[in-house]
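S.K.: generate a structure from the sequence data that follows.
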Amino acid sequence: MARLDRTFALDDFEALAKRRLPGPIFDFYAGGADDEHTLALNRNAFRQVGWSPRALAGGASPDASTLLLGRAVAMPVAVAPMGAVGYGCLDGDRAIARAAAQAGIPYILSTTATTTIEAIGEASAGAKWFQLYPLRQRDHMWRLLARALAAGFEALVVTVDVPVGGKRERDLRNDCAMPFRFTARNVAAFAARPRWALGMLRHGVPAMANLAGLDPAGARGSTLAPSVGAEFDPAFDWSGLAEIRRRWPGPLLVKGVLRPDDALRALRAGCDGLVVSNHGGRQLETGVPALAALAAVLRAVGDKAQVFLDGGVRRGADVAKARCLGAAGVLVGRPLLFGACVAGQAGAARVLDILHDELIRTMRLCGAANAAALTSELLWNAGIPAAPSNGQPPPT
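M.R.: Sure, this is the predicted structure:
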């Protein structure tokens with residue numbers, strides 16, 4: 001096991017995971033669509049925003065706690081939904097969920113997780129949200145909602161930016177497809193990581209646990225994401241979202257919104273919150289960076305919904321910047337996945353400890369006594385790209 005006391009930044013876990021995982025699995029997690037420009041833009045956007053700190057502001061012991069969807073959390077962070085975690089860490093979903101509960105933040109379980117809704121419900125007493133992909137087979141989708149509600153999931157996060165899977169060229173080159181299979185092209189890469197290969201042989205290849213029972217017709221594709229995505233409904237529209245709203249009694253978030261007019265449509269469909277996201281750069285190449293889209297969405301919705309930022313967060317300072325720019329909180333995904341791949345629950349917990357420590361340090365250096373004090377007055381904007389504003393709100 002890696003020496004976690006020698007990890008100091010979230011990027012350390014990606015480097016460690018790269019040494020432990022077979023190349024095709026690491027590339028599936030780390031990669032993005034096409035030339036991966038959007039993947040890079042998400043991170044670069046944070047670098048274009050600097051600080052204008054207050055001096056002698058008395059922030060000796062800052063408090064990063066806040067309310068997300070009405071629940072008190074230790075910091076404005078939630079675990080982003082991640083599919084296929086079990087390919088890198090067999091019990092990774094549970095490990096990350098438990099680390100999130102230990103850290104006092106919400107955990108979001110993906111539709112394409114390799115652990116069932118019920119298993120996560122039993123494993124974690126913390127705040128749990130369920131992420132839903134709109135499915136072609138509506139009966140199965142309604143059963144997922146009922147199961148999530150019965151298992152204690154408090155909120156539903158509907159992802160709306162996957163009408164079709166992005167073109168992920170790393171996966172194409174690695175012959176990484178779903179259903180997962182060993183091929184002549186990728187078997188050598190798996191054999192090069194004998195510890196990983198032994199685990200797969202001993203425990204079996206994980207399945208998409210919450211998609212069990214679906215008709216697999218058409219579930220063959222050239223890359224991992226599109227083949228699983230054969231079960232997703234490309235014709236899903238705003239009326240479908242309204243139907244989900246009628247069937248889900250708890251808070252509802254819409255993930256994958258980048259335009260202010262779409263944000264307003266989501267509100268009209270009954271959502272309680274939005275996640276400004278480009279799917280971690282894994283879908284539409286050269287899409288607007290999530291941070292750059294945040295301001296226009298916030299202006300459109302005002303105080304009618306909590307707005308979260310997803311994409312590119314790798315530092316506690318990034319969390320603080322997103323708060324200063326108006327986000328209620330951020331979603332963090334890949335670093336926690338890599339932490340679990342390196343050292344299970346302890347690795348994921350270390351990721352969250354580093355993130356919290358960096359956030360508190362940033363608040364001290366900026367003179368912010370609490371999360372509410374993280375405002376735009378603390379920022380020096382070095383030219384973050386403007387969000388697109390060409391979409392006019394739809395008529396009422």
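
S.K.: now stretch 24-35: mean pLDDT?
M.R.: Taken as a whole, stretch 24-35 has an average pLDDT of 91.

S.K.: repeat for stretch 356-365
M.R.: Rounded mean pLDDT across stretch 356-365 is 98.

S.K.: give the buried residues for it.
M.R.: 356, 358-360, 362-365 (16 or more other Cβ atoms under 10 Å). Placement of C-beta: from N, CA and C, glycine included.

S.K.: in helices, which of the residues you listed appear?
M.R.: 356, 358-360, 362-365 (DSSP state H).

S.K.: beyond the helix or strand of the chain with the lowest mean pLDDT, next helix or strand please.
M.R.: Lowest mean confidence among the helices and strands of the chain (mean pLDDT, DSSP states H and E): helix 224-228, at a mean of 53. Sequence-wise, the next helix or strand downstream of helix 224-228 (DSSP states H and E) is helix 238-247.

S.K.: which residues does Val79 contact?
M.R.: By Cβ atoms under 8 Å, 6 or more residues apart in numbering, the residues touching Val79 are 96-97, 100, 105-108, 331-333, 336.

S.K.: distance check, the most centrally placed residue in the chain against Asp5.
M.R.: The residue lying closest to the centre of the chain (Cα atoms, centre = their mean) is Ala80, at 2.5 Å. Distance of Ala80 to Asp5, given as Cβ to Cβ, to the nearest Å: 26 Å.

S.K.: now the helices for the stretch 51-200 of the chain?
M.R.: All helices of the stretch 51-200 of the chain, identified by DSSP state H, counting those that start in this stretch, fall at 92-103, 117-123, 138-150, 169-174, 187-191, 194-203.

S.K.: looking at those helices, which is nearest to Gly32?
M.R.: helix 169-174 (8.5 Å; Cβ to Cβ).

S.K.: list the helices and strands that closest one packs on?
M.R.: In terms of contacts (3 or more Cβ pairs under 8 Å, 6 or more residues apart in numbering; DSSP states H and E), helix 169-174 is packed against helix 23-30.

S.K.: for the helix it packs on, name the packing helices and strands.
M.R.: Applying 3+ Cβ pairs under 8 Å, 6+ apart, we find helix 23-30 packed against helix 10-20, helix 169-174, helix 187-191, helix 334-366.

S.K.: ok, then the element right after that helix?
M.R.: helix 37-47.

S.K.: thinking again about what came up before, winner for burial among the helices of the stretch 51-200 of the chain?
M.R.: Highest mean neighbour count of these: helix 92-103, a mean of 24 (counted as mean count of other Cβ atoms under 10 Å).

S.K.: residues in contact with that helix?
M.R.: Outside helix 92-103, the residues touching it (Cβ under 8 Å, 6+ apart) are 74-75, 78-79, 82, 85-86, 89, 106-107, 109, 113-115, 119-120, 123-128, 336-337, 339-341, 344-345, 347-349, 351-353, 356.

S.K.: do that again at 7 Å, thanks
M.R.: 74, 79, 85-86, 89, 106-107, 109, 113-115, 119-120, 123-126, 336-337, 340-341, 344-345, 348-349, 352, 356 (Cβ atoms under 7 Å, 6 or more residues apart in numbering).

S.K.: which of those residues count as buried?
M.R.: 74, 79, 85-86, 89, 106-107, 109, 113-115, 119-120, 123-124, 126, 336-337, 340-341, 344-345, 348-349, 352, 356.

S.K.: just for the stretch 201-350 of the chain, where's the confidence low?
M.R.: 215-229 (pLDDT under 70).

S.K.: same question but for the stretch 51-200 of the chain, I mixed them up
M.R.: Using pLDDT under 70, the stretch 51-200 of the chain drops low at 59, 177-180.

S.K.: circling back to that earlier point, check contacts around the spatially closest residue to the residue nearest to the centre of the chain that is not a sequence neighbour.
M.R.: Distance criterion Cβ to Cβ, 6 or more residues apart in numbering; nearest residue to Ala80, sequence neighbours excluded, is Gly333 at 3.3 Å. Contact analysis of Gly333 by Cβ under 7 Å, 6+ apart lists 80, 82, 280.

S.K.: make a markdown table from the ones in helices among the buried residues of stretch 356-365 and add distance to Ala230 to it.
M.R.: Shown next, in a markdown table, are these (distance: Cβ to Cβ, whole Å):
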| residue | distance to Ala230 |
| --- | --- |
| His356 | 39 |
| Glu358 | 40 |
| Leu359 | 40 |
| Ile360 | 44 |
| Thr362 | 43 |
| Met363 | 45 |
| Arg364 | 49 |
| Leu365 | 49 |
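
S.K.: nearest to Thr66 among those?
M.R.: Distances from Thr66 to those, taken by Cβ to Cβ, are shortest for Leu359, at 11.2 Å.

S.K.: isn't that closest one right up against Pro76?
M.R.: No. With contact defined as Cβ atoms under 7 Å, Leu359 does not reach Pro76; the gap is 8.4 Å.

S.K.: list residues touching both of the two?
M.R.: With Cβ under 7 Å, 6+ apart as the test, Leu359 and Pro76 both reach Val319.

S.K.: before we move on, back to that, just curious, which of the ones in helices among the buried residues of stretch 356-365 is nearest to Leu264?
M.R.: Leu359 (31.1 Å).

S.K.: ok, and the closest non-adjacent residue to the closest one?
M.R.: Nearest to Leu359 is Gly316, by Cβ to Cβ, 6+ apart, at 3.4 Å.

S.K.: number of residues surrounding that neighbour?
M.R.: Counted with other Cβ atoms under 10 Å, residues neighbouring Gly316 total 22.

S.K.: ditto for Asn381
M.R.: So Asn381, with other Cβ under 10 Å, has 12 neighbours.

S.K.: same question, Ser61
M.R.: When neighbours are counted by other Cβ under 10 Å, Ser61 comes out with 10.
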